[in-house]
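Q: Could you look at this predicted model? Sequence included:
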Amino acid sequence: MIEHTGTGTDAEMVAAAAAGSDTAFRALYRAYVRPVYWIAHDLVATTHDAEDVTQETFLAAWRKLPELELQSPSLLPWLVTICRFQAANRIRRQQRDRAHLGGPVAESVPAAVDVERQVIDGQLAERIAAELSSFSELDQSIFRLCATEGYGYQEAAEHLGVSHGVVRNRLSRIRSALRTTIAPEGS
């Protein structure tokens, strides 16, 4: 079994995780669990279901990693696709269970998955991943640590060997660039 330190590009960590590195998979999980959770929550509308869908997404990803040929610099678009399928399956299962039990459908459970919204969310994730891939390796690391892994400025600075100010200033520029990327077209 190949062990991996948990640092590197998504493609390197995917290859290491596919070869059996728990450390690499844990690093991928930490990097993407928050965005996957929020997408799941948006789709299934309850915290409990979103947590379950998030776990099901990463379990499915773990099983599928050996066959994955990463098409983008980020694993996020692939994970978002898996998350959408897991959420749709959960919603169908809940609706089927309610129909068999004869109970009313809870208002918090969406009646159907909004395909148009899923396409838009997928396109947004791809635009964000494309924009992130154009940043320097340091900027990508700063974004990953602060935006997806929840590091504070000082903690990220110490981890990367740069100053607090470098992290703060670069993250501000990254966020500005991403706001432009995610702004609706024509606005």
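A: Cool, the structure landed. Residues are numbered from 1 along each chain as shown.
Q: If we ignore the residues flanking it in sequence, what's nearest residue 56?
A: residue 86 (4.5 Å; CB to CB, 6 or more residues apart in numbering). C-beta coordinates here come from the backbone N, C-alpha and C atoms, glycine included.
Q: nope, residue 58 is what I was after
A: residue 29 is the one closest to residue 58 (CB to CB, 6+ apart), at 5.7 Å.
Q: could you say which helix or strand contains the residue nearest to residue 56?
A: helix 76-101 (DSSP states H and E).
Q: could you give the mean pLDDT of that helix?
A: Across helix 76-101, the average pLDDT comes to 84.
Q: elements contacting it?
A: For helix 76-101, the elements it packs on are helix 22-44, helix 47-64, helix 115-133, judged by 3 or more CB pairs under 8 Å, 6 or more residues apart in numbering; DSSP states H and E.
Q: Quickly, which of the ones you listed bottoms out on average pLDDT?
A: helix 115-133 (a mean of 66).
Q: After it, which helix or strand is next?
A: Following helix 115-133 in sequence, per DSSP H and E, is helix 137-143.
Q: What mean pLDDT does that following helix get?
A: Averaging pLDDT along helix 137-143 gives 85.
Q: Which strands or helices does that helix pack on?
A: Counting by 3+ CB pairs under 8 Å, 6+ apart, helix 137-143 packs on helix 115-133, helix 153-160, helix 164-182.
Q: looking at the ones you listed, which is buried most?
A: Comparing the helices and strands packed on helix 137-143 by mean neighbour count (mean count of other CB atoms under 10 Å), helix 153-160 ranks first with a mean of 17.
Q: could you give the angle of it to helix 164-182?
A: 100 degrees (axes from the mean of the first three to the mean of the last three CA atoms, to 10 degrees).
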